[in-house]
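A.B. asks: Compute the structure for the input listed below.
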Amino acid sequence: QVQLVESGGGLVQAGGSLTLSCAASGRTFSRATVSWFRQPPGKEREFVAGITADSTYADYLNSVKGRFTISRDNNKNTMFLQMNSLKPEDTAVYYCGTLRGGSWEAPNNYDGWGQGTQVTVSS
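C.D. replies: Have a look, this model is predicted:
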């Protein structure tokens, strides 16, 4: 089973940038669709971006399209989320997960959640 560790969060001003990393252990990472989710305070966990195993297809939450870019390096068992033009509404704990199957947007379809990394965007 894949275990994931998120990192790279922090405090940034609106308009700034951050790059999150998701490091995976286990040999199945390179064969799995993987995604980023986020959970704002007091709200449900929501899909942010996902990418197929071979990086040929990616999908994004509408509100982050054009600002966030998901990528992965299967040789290093790592996934990334480049976040530009950050807004206060992007403030959340960000998590990564590996998809077992089904809808990309359903958190229950994922395994391997780490502890998350906090992103705080000040106005």
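A.B. asks: The residue nearest the centre of the chain - nearest residue in space that isn't next to it in sequence?
C.D. replies: Per C-alpha atoms, centre = their mean, the C-alpha nearest to the average position across the chain is that of Trp36, at 2.1 Å. Leaving aside its sequence neighbours, Trp36 sits nearest to Val48 (C-beta to C-beta, 6 or more residues apart in numbering; 4.4 Å). All C-beta atoms are positioned from the backbone trio N, CA, C, and that covers glycine.
A.B. asks: ok, the one you found touching Cys96?
C.D. replies: No: the pair Val48 and Cys96 does not pass the contact test of C-beta atoms under 8 Å, sitting 9.6 Å apart.
A.B. asks: Tell me which of those two has more neighbours.
C.D. replies: Cys96 (31 against 25; other C-beta atoms under 10 Å).
A.B. asks: Give me the secondary structure label for the more buried one.
C.D. replies: strand (DSSP: H, G, I helix; E, B strand; the rest coil).
A.B. asks: which residue packs closest to it, ignoring adjacent ones?
C.D. replies: In this structure, Cys96 finds its nearest non-sequential neighbour in Cys22, 3.6 Å apart by C-beta to C-beta, 6+ apart.
A.B. asks: OK, contacts around that neighbour?
C.D. replies: Listed by C-beta atoms under 8 Å, 6 or more residues apart in numbering, the contact set of Cys22 reads Leu4, Val5, Glu6, Ser7, Val34, Trp36, Thr78, Met79, Phe80, Leu81, Cys96, Gly114.
A.B. asks: what does Pro107 give?
C.D. replies: Pro107 is in contact with Phe37, Arg45, Phe47, Gly97, counting by C-beta under 8 Å, 6+ apart.
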